[in-house]
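[1] need a structure here:
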Amino acid sequence: MMQQTPVVLDVDGSVGPLTQEKRLPLADWQELVRFGCGLRSFRRFGQAMQQQLPAQHGTVLMGSGDFHHLSWPLIERSIAQKGFSAKHPLRVVVLDNHPDNMRFPWGVHCGSWVRRVAMHPAVSQVHVAGITSQDIGSAHAWENYLRPLRAGKLTYWSCGVDTGWARRVGAGKAFRSFADIAELVQALSSHLHDWPQDTYLSIDKDVFAAEVVRTNWDQGRMLEEQAVQLIDALRGQIAGSDITGDVSSWHYGTWWKRLMSAGDGQDTQIDAATLAGWQAGQHALNQRLIQRIALSSTS
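    As a prediction, this is how the structure comes out:
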């Protein structure tokens, strides 16, 4: 199979050069879009991105996990281009250490975008898998948008987190808890294989254990071979894909972004030598993931 052209949304300069890539120069948007922004600003960015994207392409790389909300317009673009609808819906699988379904009343940010995708009428369901973050624990229960969970449009696949609160709010069926990541991956792999459907795959590399790759967010426990198992389970089903979770150093000029970033325990101030080492590992992993996703692509 011929690998489709990977696209780099070059907002933060963190993604290394890829074979036959299409790189979109978007650095001027970094402060505005990074971490989060208002919907009006986000729509302007989306238009600028759409104008530069080629009609056909492979996996999109977005740089830091601070930009994971860019998956939202990419998924909507895939829906529009390929004619997905309520009768012929798209499934979305997100590998992430966080649910990305957290309340954010001022627009959209990297931890809130999943709700908007899950409630799209052309999306059958969103599976967020690999969560070990306490974002879905009882202390943060109130922060999770309940509507997509209760509606059966969103499922959390997690391990090591007490999610008993979900049953008390009528969302118990949306939570799949496991003793370890290996058990989680086996169950999800079987589900994806047994219930084939056109799927958009989004990978945030903070789902991986720190010995696999380093990111600037708290990380999960997934191993590379476990992610590959999930990608392989989607053989012939992947209609679109993106990768985020690269690492870059940045000082927010916007006060609320500095405050919220610090509150989330994010590390965006990384010395040059450490950053270079982390980015080298990131680059090698990106290349391997792109190649593996291409094998499971629908075209």
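
[2] doesn't residue 128 belong to a strand?
    Yes. Looking at residue 128 with DSSP: H, G, I helix; E, B strand; the rest coil, it is inside a strand.

[3] so it is in contact with residue 96, correct?
    Yes. When contacts are counted by C-beta atoms under 8 Å, residue 128 is listed as touching residue 96 (5.6 Å). C-beta: built from backbone N, CA, C; applies to glycine.

[4] distance of residue 287 from residue 155?
    For residue 287, the distance to residue 155 equals 30 Å [C-beta to C-beta, to the nearest Å].

[5] so which of those two has more stuff around it?
    residue 155 (20 against 14; other C-beta atoms under 10 Å).

[6] read off the pLDDT value for that one.
    Per-residue confidence (pLDDT) for residue 155: 98.

[7] just the C-alpha atoms of the host helix or strand of it, please, in PDB.
    Here residue 155, judged by DSSP states H and E, is contained in strand 154-159. C-alpha atoms of strand 154-159 as PDB (Å, rounded to 0.1, in the frame of the first residue of the first chain):
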ATOM      1  CA  LEU A 154     -18.800   8.500  24.600                       C
ATOM      2  CA  THR A 155     -17.000   5.600  26.400                       C
ATOM      3  CA  TYR A 156     -14.000   5.900  28.800                       C
ATOM      4  CA  TRP A 157     -11.600   3.000  28.900                       C
ATOM      5  CA  SER A 158      -9.400   3.300  32.000                       C
ATOM      6  CA  CYS A 159      -7.400   1.600  34.600                       C
END
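
[8] whatever helix or strand comes next after that strand: which residues count as buried?
    Moving toward the C-terminus from strand 154-159, the next helix or strand (DSSP H and E) is helix 165-168. Using 16 or more other C-beta atoms under 10 Å as the test for burial, helix 165-168 gives 165-166.

[9] helices along the stretch 1-150 of the chain, start to end?
    Using DSSP state H, counting those that start in this stretch, the helices assigned to the stretch 1-150 of the chain run over residues 30-33, 39-52, 71-82, 113-118, 147-150.

[10] in the first one, what counts as buried?
    Translated: helix 30-33. So, applying 16+ other C-beta under 10 Å, buried residues of helix 30-33: 30-33.

[11] pull the residues that contact it.
    For helix 30-33, the external contacting residues (C-beta atoms under 8 Å, 6 or more residues apart in numbering) are 11-12, 41-42, 45, 67, 70, 250, 252-254.

[12] check what contacts stretch 79-93 and list those residues.
    So stretch 79-93 is contacted by 55, 75, 78, 117-118, 120-127, 129, 192, 197-202, 230, 234, 239-240 (C-beta under 8 Å, 6+ apart).
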